[in-house]
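Student: Need a 3D model of the following:
(one chain, ligands or ions: 1)
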Amino acid sequence: MMKDLRPDIRSIITDIEKNACAELISHSEPWITLGITYDQTMASINDPLHEVFAAHIHGEIVGVVIIQTEGAFSGYIKSIAVKAGWRHRNIGKSILEYVEKRIFNECSNVFLCVSSFNPGAQQFYKKLGYQVVGVLENYLVTGYDEILMRKTTGPILERKQIT
Ligand SMILES: CC(C)(COP(=O)(O)OP(=O)(O)OC[C@H]1O[C@@H](n2cnc3c(N)ncnc32)[C@H](O)[C@@H]1OP(=O)(O)O)[C@@H](O)C(=O)NCCC(=O)NCCS
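Tutor: Residues are numbered from 1 along each chain as shown. This next block holds a predicted model:
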């Protein structure tokens with residue numbers, strides 16, 4: 001099987017796509033352990049403040065990312081997941097690079113949280129240039145911490161206008 005796959009990444013539109021994305025996230029760790037349900041995931045997908053992109057290979061949705069570009073920490077990746085069975089073939093990297101381009105077009109930082117019990121994803125983000133900001137203790141549920149990470153293009157007030 002090919003190691004490096006190039007998925008087609010685009011905004012989700014249809015209810016079928018929304019359903020596939022909500023299932024992909026809510027049926028996967030870390031969301032299972034965090035107790036995040038299908039309905040909560042669907043609410044996040046439908047939140048007008050969020051943008052949702054799916055990665056397709058041969059018509060199948062194999063990955064999803066939810067981002068928020070407005071708010072206090074603008075440029076926030078809320079959830080990113082690659083379908084089990086499609087992992088470790090650079091699909092996550094392609095999705096992350098795609099949304100970084102989208103976010104860095106408007107913001108100087110990309111922020112995200114990764115669960116303390118998710119060392120694989122921590123390695124994934126470190127490899128792709130993210131640094132730990134700090135630990136948010138008992139942030140989503142009691143007993144688990146979230147690690148806040150950031151990738152930056154530089155200070156906000158020194159940002160060059162992109163024309
Ligand atoms: C984390 C996740 C999105 C990564 O996607 P992926 O397609 O498997 O990752 P990629 O193949 O693009 O990996 C890119 C690099 O990150 C590193 N990496 C990825 N997963 C890793 C893991 N579990 N452990 C250590 N390193 C990992 C690898 O070094 C890889 O580089 P390589 O080409 O040298 O192997 C995917 O594993 C996933 O969906 N996990 C479950 C959901 C999750 O934890 N999401 C993050 C929530 S914060």
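
Student: for the ligand, what are the nearby residues on the chain?
Tutor: Counting by CB under 6 Å from any ligand atom, the chain comes close to the ligand at 28-30, 80-82, 87-93, 114, 118, 120-121, 123-124, 127. In this view, the C-beta of every residue, glycine as well, is placed from N, C-alpha and C.

Student: Any stretches of this structure with poor pLDDT?
Tutor: Along the chain, the parts satisfying pLDDT under 70 run over 1-4, 161-163.

Student: can you pull out the helices in it?
Tutor: Per DSSP state H, the chain carries helices over the ranges 15-26, 31-34, 38-46, 91-104, 119-127.

Student: on that earlier part again, give me the buried entries from the residues of the chain next to the ligand.
Tutor: 28, 30, 80-82, 87, 89-92, 114, 118, 121, 124 (16 or more other CB atoms under 10 Å).

Student: and of those, the nearest to residue 72?
Tutor: residue 114 (18.9 Å; CB to CB).

Student: Which residues in stretch 51-69 does the neighbour count mark as buried?
Tutor: Neighbour-count burial for stretch 51-69, counted by 16+ other CB under 10 Å, picks out 51-57, 61-69.

Student: And stretch 141-148, how far out from the chain middle?
Tutor: Offset of stretch 141-148 from its chain centre (CA atoms, centre = their mean, to the nearest Å): 17 Å.

Student: got the buried residues for that stretch?
Tutor: For stretch 141-148, using 16+ other CB under 10 Å, the buried residues are 144, 145, 146, 147, 148.

Student: hang on, isn't the first one packed against residue 138?
Tutor: Yes. Assessed by CB atoms under 8 Å, residue 144 is found in contact with residue 138 at 7.2 Å.

Student: still on that earlier bit, go through the buried residues of stretch 51-69 and say which is closest to the ligand.
Tutor: The closest of those to the ligand turns out to be residue 63 (CB to the nearest ligand atom; 6.9 Å).

Student: Would you confirm that the closest one contacts residue 91?
Tutor: Yes. With contact defined as CB under 8 Å, residue 63 reaches residue 91; the gap is 5.1 Å.

Student: So what's the residue count around residue 50?
Tutor: 17 (other CB atoms under 10 Å).

Student: Now do the contacts for the spatially most central residue of the chain.
Tutor: Centroid-nearest residue in the chain: residue 80, 3.0 Å away (criterion: CA atoms, centre = their mean). Contact analysis of residue 80 by CB atoms under 8 Å, 6 or more residues apart in numbering lists 63, 64, 65, 66, 92, 95, 96, 99, 112.
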